[in-house]
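Student: Just need the structure, nothing else, for what follows:
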Amino acid sequence: MSSQGHGNKVGVYVDVSNLTMNGGFGMRYEILRQFACRGGGYPVRLNAYVSFDDARARTDREYKEGQNRFHTALRDIGYKVILKTVKWYSDDSGSRYGKSNVDLEMGVDALLQSERLDRVLLASGDGDFVRVVHALQSRGCRVEVMAFDNIALELRREADMFVSGYLIPNLLPFKALETPGVWGEINSWVRGMCVSHDKGFGFFRYMVKSNDELWRIDNRDPLSPYANIFFHDSNLPDNVDYFRLPDRNLVFEFQISEGTEAGKLQARNIGCIKALT
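Tutor: Below is the predicted model:
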């Protein structure tokens, strides 16, 4: 079966702890499922690998109940929850530290199940998955990687497509915003990247919708899922050096507003997320 078009058999493998600790806290897993299965894909596997501190759960009721609610919510939207128990060790000074690495289980599962898959989404920024990406590609799978912060550069390069989780519509809530609006509409909040910059102004590109045409980055293409929006340097936050723009290692969040000209839009209330490095 082709790796493009309708009917793709999809496998999603989520390194929950890696995402949570690297910008993805609060991620909406149902949106991740929708993104992975865009274009009519069918989710053959939806695996979420979760670290669980069994020792803490025996003494911390709030932790245990919170984790159980989270696992139940994942199962309700179709994920298989694979628990990896935290193991505790002591270093030379006697200090205890916990370890729970899901790399092996996640990589083995993806490889064993890949013969039934056309497309695999690895949700992790861990560079240990580079070899897994190679092996999956060798077996004929298209491999996509999604993560937020601290993504291994080699993992981004080896994937057939890397997508920042910040840029997927509605995947990650906006902090301190109770009403971000409907993504892409006037007065709503979205996230994007600077794709061009001149003296005093530039343009952000943001994803309006997720589909199988993500490669169509020219927003003039009627099939492109992207839109470009104007911004003025005076609206950039203080921590951004506009002389270095465009910088693909920066993600911006902003409000879509009416521009100074009728029918034109402009980005305002701009914030910057240092991501992808």
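Student: From here on, just use CA atoms for contacts and neighbour counts.
Tutor: Will do.
Student: Which helix or strand contains residue 108?
Tutor: Residue 108 belongs to helix 103-113 when assigned by DSSP states H and E.
Student: now swap in residue 180 and tell me
Tutor: Counting by DSSP H and E, residue 180 is part of no helix or strand.
Student: So it is in contact with residue 172, correct?
Tutor: No: using CA atoms under 8 Å, residue 180 makes no contact with residue 172, being 11.4 Å away.
Student: neighbour-wise, which of those two wins?
Tutor: residue 172 (20 against 16; other CA atoms under 10 Å).
Student: List the contacts of that one.
Tutor: Residues counted as contacts of residue 172 (CA atoms under 8 Å, 6 or more residues apart in numbering) are 24, 26-28, 165-166.
Student: from those residues, which ones fall inside strands?
Tutor: Among these, the subset assigned to strands under DSSP state E is empty.
Student: Between those residues, identify the one with the most neighbours.
Tutor: Neighbour counts for the contacts of residue 172 peak at residue 166, which has 27 neighbours (criterion: other CA under 10 Å).
Student: quick one: strands adjacent to the following helix or strand past the helix holding residue 108?
Tutor: From helix 103-113 onward toward the C-terminus, using DSSP H and E, the following helix or strand is strand 119-123. Sheet neighbours of strand 119-123, with direction, are listed as strand 9-15 (parallel), strand 142-147 (parallel) (DSSP bridges).
Student: could you give the angle of the longest one to helix 103-113?
Tutor: Between strand 9-15 and helix 103-113, the angle formed by their directions is 170 degrees, by axes from the mean of the first three to the mean of the last three CA atoms, to 10 degrees.
Student: got the CA coordinates for strand 9-15 in PDB?
Tutor: Written as PDB, here are the backbone C-alpha positions of strand 9-15 (Å, rounded to 0.1, in the frame of the first residue of the first chain):
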ATOM      1  CA  LYS A   9      -2.500   2.000   8.200                       C
ATOM      2  CA  VAL A  10      -1.100   4.100  11.000                       C
ATOM      3  CA  GLY A  11       0.900   3.300  14.100                       C
ATOM      4  CA  VAL A  12       1.400   5.900  16.800                       C
ATOM      5  CA  TYR A  13       4.000   5.400  19.500                       C
ATOM      6  CA  VAL A  14       4.100   8.100  22.300                       C
ATOM      7  CA  ASP A  15       7.000   8.500  24.700                       C
END
